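*Asks:* only geometry, no sequence info:
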C-alpha cells in the first residue's frame, strides 16, 4: 500500500510517500511544496494543489494522511490559514481517488515514539532513525509528513511492520 503523509502549510507543505508491504516500509519520496508569501492566496493554493496532484498522478498513493486540525484559541488565524492549505490537499486527494484519513497529533506521536506528547525533536529523530538517514529531514515539515504516513502504516497493518528499507529522493516539487 502506498501512503502519502502531508503536513500542509501556506509557505511550506511537507510530504512523505512510503510503501508499506510484507517486507516493511520503503521511503519512496519526500520533499516540500513551497509558495511565496508575496503571492495572492489563490496562487499559493493552486501551487499546493498542483504540486500534490502531480505527485499523486505519478505515484498513485491509495491513502493520503493529514493531521487533524487543531488550533489554540489564542491563535485562531493560524487555523484559518491552515484550513486553506488543507482544503487544497483534500481536493487533491479527492481528485486522485486516494482515501483521506486524519489522526490527532497525539495519536501520531504515540504511534511513532510511544509518547503522545513527544517533542518535535523526538519525532524528527525517530523518523531519521526509522529510515536510517544521516541527518533529520530538513525542513521539519518533511519529517512531520513522513510521521503521518508511518503512523498510518503502523496503525492499519494486521502484521507487525518488518525491517525498514530505504530509497530517498529529496526532490523539491
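*Replies:* That came through, no problem. In this text the structure is predicted, and so the values were computed from the model without any measurement.
*Asks:* all contacts plus neighbour counts: C-alpha atoms, from now on.
*Replies:* Noted.
*Asks:* from the middle of its chain, how far away would the longest helix belonging to the chain be?
*Replies:* Longest helix in the chain by number of residues (criterion: DSSP state H): helix 76-96. Computed by C-alpha atoms, centre = their mean, to the nearest Å, the chain-centroid distance of helix 76-96 equals 13 Å.
*Asks:* what element comes up after it heading to the C-terminus?
*Replies:* strand 99-103 (DSSP states H and E).
*Asks:* Give me the helices and strands touching that next one, please.
*Replies:* Packing partners of strand 99-103 (3 or more C-alpha pairs under 8 Å, 6 or more residues apart in numbering; DSSP states H and E): strand 63-67, helix 76-96.
*Asks:* Go again with 7 Å.
*Replies:* strand 63-67 (3 or more C-alpha pairs under 7 Å, 6 or more residues apart in numbering; DSSP states H and E).
*Asks:* What mean pLDDT does the strand it packs on get?
*Replies:* For strand 63-67, mean pLDDT rounds to 95.
*Asks:* Buried residues in that strand, which are they?
*Replies:* 63-67 (16 or more other C-alpha atoms under 10 Å).
*Asks:* Could you do stretch 88-107 as well?
*Replies:* So, applying 16+ other C-alpha under 10 Å, buried residues of stretch 88-107: 88-90, 92-93, 96, 98, 100-101, 105, 107.
*Asks:* Pull the residues that contact that stretch.
*Replies:* Contacts of stretch 88-107 with the rest of the structure, by C-alpha atoms under 7 Å, 6 or more residues apart in numbering, involve 45, 48-49, 52-53, 56-57, 61-68, 116-117.
*Asks:* Tell me where this protein has helices.
*Replies:* Going by DSSP H, the chain shows helices at 41-59, 76-96, 105-113, 120-130, 140-156.
*Asks:* Going by neighbour count, list what's buried in the fourth one.
*Replies:* To tie it back to what came earlier, the one meant is helix 120-130. 123-128, 130.
*Asks:* Narrow the contacts of stretch 88-107 to just the buried residues.
*Replies:* Taking 16+ other C-alpha under 10 Å as the criterion, what is buried in these is 45, 48-49, 52-53, 56, 61-67.
*Asks:* tell me the two of these that are most distant?
*Replies:* Spatial extent of the buried ones among the contacts of stretch 88-107 (C-alpha to C-alpha) is set by the pair 45 and 62 at 22.7 Å.
*Asks:* For the residue nearest to residue 35 when sequence neighbours are not counted, give me phi and psi.
*Replies:* Residue nearest to residue 35 in three dimensions, not counting chain neighbours: residue 11, with 5.0 Å by C-alpha to C-alpha, 6 or more residues apart in numbering. Note on residue 11: its backbone torsions stand at phi -90, psi -50 [degrees, to the nearest 10].
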